[in-house]
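Trainee: Let me see the structure of the following:
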Amino acid sequence: MSNSIQIRTPELPESVADAKVLAWHKSAGESVVRDENLADLETDKVVLEVPAPADGVLEKILAETGAVVNAGTPLAVLGAAADAGASADDVEDAAPTGREAQAETQQAAGGNGTVAMSPAVRRLLEEHDLDISSIKGSGKRGRVLKRDVLAVLSSAAGAATAARVEEPDTAKADAGETVEEPAVPAAQPARRERRETMSRLRARIAQRMVESQREAAMLTTFNDADMSAVLDLRRRHGEAFEARHGVRMGFMSFFVAASVAALKRYPVVNASVEGDEIVYHDYYDVGVAVSTERGLLVPVLRDADRLSFADVEQTIGTFASRAREGTIGLDELTGGTFTITNGGVFGSLMSTPILNPPQSGILGMHRIEQRAVVVDGEVVARPMMHLALSYDHRIVDGREAVLFLSEIKKSIEDPARIILSI
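Mentor: Numbers count the residues shown, from 1 in each chain. From the prediction side, this is the model:
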């Protein structure tokens with residue numbers, strides 16, 4: 001059609017080679033409006049939307065769900081807005097042409113008194129010897145659509161099946177013979193399995209985790225922190241903090257601040273390996289792991305040393321929402337120098353987090369629980385959290401890793417150290 005528009009894969013983010021068609025939100029034959037999201041394209045980091053360039057009808061889908069596409073690959077054909085009156089049930093893979101189209105136009109106009117129907121409806125009626133007058137149409141002005149014919153056929157098939165199952169053998173019954181009920185086999189326990197192709201994000205996560213295990217000399221050191229001071233601050237000032245900044249005072253802002261302070265003291269944990277060189281970063285871009293239905297994403301807090309507690313909490317909240325909605329940008333997921341992950345939100349008591357290449361350190365937070373500890377010679381119950389630091393032993397020595405984690409412990413147990421920079 002001269003008025004048709006070919007919809008193509010949009011430009012992909014830098015470093016993304018291709019994408020997979022994750023889902024179509026419209027079917028062939030459906031009307032669409034300008035800027036409406038037609039499909040989702042999944043890359044190994046983010047999900048991209050494909051907006052409709054104009055009002056019209058989605059004539060044909062060229063790249064089905066699951067297809068791998070590159071920038072500029074044809075995805076679908078969009079017809080002109082003038083054709084938007086037809087429903088998906090009336091439109092086949094290709095629009096009717098020639099005599100068939102002309103006949104349909106005459107019927108729709110009532111030129112010879114016949115009932116308007118699409119070629120698809122006509123073929124179904126002829127194949128199954130159905131009378132269109134016996135079918136109630138759900139289209140405009142009572143027009144019979146393809147789905148109406150299919151519904152009648154489905155209903156008829158269901159009734160026939162029920163009759164075969166439920167009716168006794170009347171011939172035997174009339175002859176006086178005993179009609180036996182068919183034996184019902186004993187139910188067997190279901191033994192099922194199903195296969196799913198990995199999402200591109202899940203495949204990329206798997207690849208990066210294997211690379212991390214293979215390329216880095218990863219080791220984990222542990223400590224624990226008494227969370228009493230942080231909990232007390234949240235209890236005394238949490239309400240005022242939320243009223244002032246519009247966001248709750250969480251734990252993550254304390255750990256971001258504590259991590260930045262420790263990174264400044266032990267900069268090698270903020271470094272990375274490139275070939276035979278150590279790259280030291282004089283900035284602090286802290287990634288915060290966020291769990292989504294698609295997998296783990298790590299949005300990055302740029303220049304975390306310049307962010308207030310409120311800035312950190314607000315930014316993390318925004319990142320988390322957009323990550324779960326799939327609207328977060330690729331540039332917001334790359335380039336971190338250190339990562340924090342909180343398994344405690346899922347109840348984890350202890351874990352060994354895996355490095356996020358090419359970073360050299362990742363801090364794992366865990367569940368807070370009351371434990372017996374000795375304070376000033378007495379056994380008391382305190383809210384304790386296990387901390388874990390995984391690090392790349394190629395450039396981070398054990399001494400530096402242990403001291404780094406100890407520095408975080410001190411800042412968490414005495415938050416005034418963060419404020420006073422001591």
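
Trainee: Show me where the protein has its helices.
Mentor: Listed from the start of the chain, the chain has helices (DSSP state H) covering 98-109, 119-128, 146-166, 170-174, 200-215, 228-245, 252-265, 309-325, 398-413, 416-420.

Trainee: Residue 63: which of those is closest?
Mentor: helix 200-215 (14.9 Å; CB to CB). Backbone N, C-alpha and C define where each C-beta goes, glycine included.

Trainee: And that closest one, what does it pack against?
Mentor: Using 3 or more CB pairs under 8 Å, 6 or more residues apart in numbering; DSSP states H and E as the contact criterion, the elements in contact with helix 200-215 are strand 295-297.

Trainee: Switch the helices of the chain over to JSON lines; also include distance to residue 361 and mean pLDDT.
Mentor: Written out in JSON lines, the entries for the helices of the chain read as follows (distance: least, CB to CB, whole Å; pLDDT from 0 to 100):
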{"stretch": "helix 98-109", "distance to residue 361": "67", "mean pLDDT": "42"}
{"stretch": "helix 119-128", "distance to residue 361": "62", "mean pLDDT": "75"}
{"stretch": "helix 146-166", "distance to residue 361": "58", "mean pLDDT": "67"}
{"stretch": "helix 170-174", "distance to residue 361": "81", "mean pLDDT": "51"}
{"stretch": "helix 200-215", "distance to residue 361": "12", "mean pLDDT": "83"}
{"stretch": "helix 228-245", "distance to residue 361": "21", "mean pLDDT": "96"}
{"stretch": "helix 252-265", "distance to residue 361": "8", "mean pLDDT": "97"}
{"stretch": "helix 309-325", "distance to residue 361": "18", "mean pLDDT": "92"}
{"stretch": "helix 398-413", "distance to residue 361": "7", "mean pLDDT": "97"}
{"stretch": "helix 416-420", "distance to residue 361": "19", "mean pLDDT": "89"}
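
Trainee: Looking at the ones you listed, which is nearest to residue 44?
Mentor: Taking CB to CB, helix 200-215 is the member of those nearest to residue 44, at 3.6 Å.

Trainee: In that closest one, which residues are buried?
Mentor: Going by neighbour count (16 or more other CB atoms under 10 Å), the buried part of helix 200-215 is 200-201, 205, 212.

Trainee: residues near residue 322, how many?
Mentor: Residues contacting residue 322 under the criterion other CB atoms under 10 Å number 18.

Trainee: That one contacts residue 328, doesn't it?
Mentor: Yes - contact between residue 322 and residue 328 holds when scored by CB atoms under 8 Å: they sit 4.3 Å apart.

Trainee: roughly how far is stretch 267-275 from the heart of the chain?
Mentor: Distance of stretch 267-275 from the chain centroid (CA atoms, centre = their mean, to the nearest Å) equals 31 Å.

Trainee: need the contact list for residue 248.
Mentor: When contacts are counted by CB atoms under 8 Å, 6 or more residues apart in numbering, residue 248 is found next to 238, 241-242, 313.

Trainee: Tell me the spacing between it and residue 420.
Mentor: Residue 248 sits 25 Å away from residue 420 when distances are taken as CB to CB, to the nearest Å.

Trainee: picking up where we left off before, just the closest of the buried residues of helix 200-215 to residue 297, please.
Mentor: residue 201 (7.8 Å).
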